[in-house]
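1. the sequence and its predicted three-dimensional model are supplied below.
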Amino acid sequence: MNNQQRLISPGVIVQMLFFIVVIPFLPLLISRRWNWWEAWVYAIISILGFAISRMLAARRHPDLITERARFMQHANAKPWDKLLAPFLGLGGGLVMLVAGLDALFGWSPMFSLPLKILSLLIILAGYALGSYALIENRFFSGMVRLQTDRGHQVVSSGPYRWMRHPGYAGALLTYLATPLFLNSGWAFLPTVFIAILMLIRTNLEDRFLQDELEGYCDYVKRVCYRLLPGIW
């Protein structure tokens, strides 16, 4: 009970509200274009996607939510991830910030409706893949670490049958399609920044798992690709 109270402290609640609710609505708050339907749809999908995926993950793996709530608090998290993880969070906020400023000042030309619909489908596919990975993997921590306290072992079911890091793959799909859906060419700048960081993190995490997680090297032999089946 004391642990739960620490996890739902006022500070944690404020951080969750900021990243889960405020950040998705940032384009609307900055631009004040309250009739911007794409921004409304994106914010609603983002919030519902987070809530539904965590609810389903909590029902299957109750301890996973506790693990993820301890973001940046794990003593044995890899030093390089203590740098990469916050920058990834910052990058997500920058995408929303730039999209809002783009709409406010009209920097980008309007993208076509078919392109926006296609990008929306990609965003939904990204959320679905990422949520599937979260629900399937009891060890889907917010920080890269060897979870010996939780009996860390290789997960090879669900989307992990096709790629070794489907959570990152889903996130990349969503990030890359977001500037198109929000009609912001300039938002591709922070998106590229996020994509590079995510590729670096994927590579470092994969090396770490091969070095330290028992059975992962055998899994690598069965599932050859990290993010893109047939490519990498």
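-> In hand now; what should we look at? Residues are numbered from 1 along each chain as shown.
2. show me what contacts Phe193?
-> Counting by C-beta atoms under 8 Å, 6 or more residues apart in numbering, Phe193 touches Gly91, Leu94. All C-beta spots, glycine's among them, are computed from the backbone N, C-alpha and C.
3. change it to 6 Å
-> Gly91 (C-beta atoms under 6 Å, 6 or more residues apart in numbering).
4. measure it to Ile135 for me?
-> Distance, Phe193 to Ile135, using C-beta to C-beta, to the nearest Å: 28 Å.
5. what packs against the lengthiest helix in the chain?
-> As assigned by DSSP state H, the longest helix anywhere in the chain is helix 79-105. Packing partners of helix 79-105 (3 or more C-beta pairs under 6 Å, 6 or more residues apart in numbering; DSSP states H and E): helix 26-31, helix 188-212.
6. cutoff 8 Å now
-> Applying 3 or more C-beta pairs under 8 Å, 6 or more residues apart in numbering; DSSP states H and E, we find helix 79-105 packed against helix 26-31, helix 166-181, helix 188-212.
7. could you point out the helix or strand that follows it?
-> helix 113-136 (DSSP states H and E).
8. stretch 53-73 spans what distance, first to last residue?
-> The first and final residues of stretch 53-73 sit 22 Å from each other (C-alpha to C-alpha, to the nearest Å).
9. that older thread, closest one to Glu67 among the helices and strands packed on helix 79-105?
-> For Glu67, the closest of the helices and strands packed on helix 79-105 is helix 166-181, at 13.9 Å, according to C-beta to C-beta.
10. how about the most centrally placed residue in the chain, what does it touch?
-> The chain has Ala171 as the residue nearest its centroid, 4.7 Å off, counting by C-alpha atoms, centre = their mean. Taking C-beta under 8 Å, 6+ apart as the criterion, Ala171 is in contact with Gly126, Gly130, Met198.
11. of the residues you listed, which is the most crowded?
-> Counting neighbours by other C-beta atoms under 10 Å, Gly130 leads those with 23 neighbours.
12. show me the contacts for that residue.
-> So Gly130 contacts Ser53, Pro166, Gly167, Ala169, Gly170, Ala171, Thr174 (C-beta under 8 Å, 6+ apart).
13. then Thr191?
-> Gly91, Val95, Tyr175, Leu176, Thr178, Pro179.
14. export those as a markdown table, with columns for neighbour count, distance to Pro114 and pLDDT.
-> Shown next, in a markdown table, are the contacts of Thr191 (neighbours: other C-beta atoms under 10 Å; distance: C-beta to C-beta, whole Å; pLDDT from 0 to 100):
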| residue | neighbour count | distance to Pro114 | pLDDT |
| --- | --- | --- | --- |
| Gly91 | 19 | 28 | 90 |
| Val95 | 25 | 22 | 96 |
| Tyr175 | 24 | 21 | 96 |
| Leu176 | 18 | 17 | 96 |
| Thr178 | 27 | 17 | 97 |
| Pro179 | 24 | 16 | 97 |
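15. tilt between the longest helix of the chain and helix 188-212?
-> If you take axes from the mean of the first three to the mean of the last three C-alpha atoms, to 10 degrees, helix 79-105 sits at 160 degrees to helix 188-212.
16. low pLDDT regions in this structure?
-> 1-16 (pLDDT under 70).
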